[in-house]
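Asks: compute the structure for the input listed below.
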Amino acid sequence: MLFWMRYKTCLNYLAIYKHFQMKIKSPKLYFYDTGLLSSLLKIRDAHNLRIHYLYGSIFENFVITDILKNSYHKGIKPNMYFWRESNGTEIDLLIEVNSAKTLAVEIKNAATFNKDFIKNLNHFPNKIENANIEKHLIFD
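Replies: Below is the predicted model of the structure:
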């Protein structure tokens, strides 16, 4: 399968996140093969990738699909979502590990840390219902 997407209709709530009364209105689409994605975008080498206007999205795509592939390799089908508020605040990846633990992951493409990278993680709660939220930042 070339693409995967986690899609819930507007009428479905994510059980663990109903604290937010959050509804998924649109899916995010990811390429399994970021090499193919780069080829379709006519990105021919690493330098052109780094300066491409979609580099941040490609890097986020790479990280998320790599986590997904790693989980599948271990025989685990992860519950993976993203979270976005109407004001644009978003967490790139939520991984429901079990009913008591969820990982919130923010993915950024930058060589050095910037305090703005954790702004959305700080806005996200530390606990939802019975689940503790473990927050992570991945940056290039």
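Asks: what sits closest to H123 if chain neighbours are left out?
Replies: Leaving aside its chain neighbours, H123 sits nearest to T89 (5.6 Å; criterion: CB to CB, 6 or more residues apart in numbering). (C-beta placed from N, C-alpha, C; glycine too.)
Asks: and for that neighbour, the neighbour number?
Replies: 12 (other CB atoms under 10 Å).
Asks: correct me if wrong: it contacts N120.
Replies: Yes: contact criterion CB atoms under 8 Å: T89 and N120 qualify, at 5.5 Å.
Asks: which residues sit against stretch 96-116?
Replies: Residues outside stretch 96-116 that contact it (CB atoms under 8 Å, 6 or more residues apart in numbering): 16, 55-56, 59-60, 63-64, 78-81, 83, 91-95, 117-118, 120-121, 124, 128, 130-140.
Asks: contacts for the longest helix seen in the chain next, please.
Replies: Across the chain, the longest stretch assigned as helix under DSSP state H is helix 55-73. Applying CB under 8 Å, 6+ apart, the external contacts of helix 55-73 come out as 4, 30-32, 34, 37-38, 41, 49, 52, 77-78, 80, 92-93, 95, 105, 107-109, 138, 140.
Asks: in helices only, show me these.
Replies: 34, 37-38, 49.
Asks: so where do the strands sit in the protein?
Replies: 3-4, 30-31, 79-84, 90-98, 101-108, 127-128, 131-139 (DSSP state E).
Asks: now the angle from the fourth one to strand 79-84?
Replies: What separates the directions of strand 90-98 and strand 79-84 is an angle of 150 degrees, with axes from the mean of the first three to the mean of the last three CA atoms, to 10 degrees.
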